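In: coords below, sequence missing:
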């Protein structure tokens, strides 16, 4: 897993909704920056999409910024194409940029393994959390609350040590392009 304390790797990717290039420096927050690796087709992402919107809407007023990145191979998974990404972002009213990582270099830099995968960086862009949204999975009957991320964000905002157990995300593997 991406080591805690690691500085957030820079990126500059196309936002599928606005059509503009968005860099890490554009979304960085002095409070906390949440980087999410998601996609459209994965049942694990579909399971949490509404909570991602709620989470962002709850924490953006507290100074937390959010950005979502899709790094999947769209030739093999056309549902994850930029056009389809835009449709999903608009339908669900994503309050954060949804970026397309065509080269997959950003996913590799973050050592992202699956969708969804979450990273929280402090105001200095040092990684303070990486892992799951919460304990909910499709079919396990646990409500989707975002508890793991919410706890980590609350502790970061309150400037207390992050004590939440950092469990790896579980989901669909990132769909890497064939070499």
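Out: Okay, I see it. Remember, it's a predicted structure, so these values are computed and weren't measured experimentally. Numbering: from 1, shown residues only.
In: would you mind measuring from the residue nearest the centre of the chain to residue 66?
Out: The centre of the chain sits closest to residue 36, judged by Cα atoms, centre = their mean, with a distance of 0.6 Å. As judged by Cβ to Cβ, to the nearest Å, residue 36 and residue 66 stand 7 Å apart. Glycine gets a C-beta too; all of them are placed from N, C-alpha and C.
In: what do these two both touch?
Out: Applying Cβ atoms under 8 Å, 6 or more residues apart in numbering, one finds that residue 36 and residue 66 are jointly contacted by residue 52.
In: buried ones in the longest helix belonging to the chain?
Out: Longest helix of the chain, by residue count under DSSP state H: helix 43-59. Neighbour counts over helix 43-59 (16 or more other Cβ atoms under 10 Å) mark 44-45, 47-49, 51-56, 59 as buried.
In: that one packs against which elements?
Out: Secondary-structure packing of helix 43-59 (3 or more Cβ pairs under 8 Å, 6 or more residues apart in numbering; DSSP states H and E): strand 32-37, strand 64-70, helix 82-92, strand 114-115, helix 147-157, strand 172-173.
In: what lies in contact with the fifth one?
Out: Spelled out, that is helix 147-157. Here helix 147-157 has contacts from 31-32, 34, 55, 58-59, 62-64, 118, 120, 122, 128-129, 131-135, 161-167, using Cβ under 8 Å, 6+ apart.
In: what sits up against the longest helix of the chain?
Out: For helix 43-59, using Cβ under 8 Å, 6+ apart, the contacting residues are 32, 34, 36, 38-39, 66, 68, 88, 92-96, 114-116, 133-134, 136-138, 144-146, 149-150, 153, 170-172.
In: what about residue 99, which SS state?
Out: strand (DSSP: H, G, I helix; E, B strand; the rest coil).
In: show the contacting residues for it.
Out: Contacts for residue 99 (Cβ under 8 Å, 6+ apart) come out as 11, 13-16, 22, 67-70, 106.
In: of the residues you listed, which is the most crowded?
Out: With neighbours taken as other Cβ atoms under 10 Å, the top of these is residue 70, carrying 32 neighbours.
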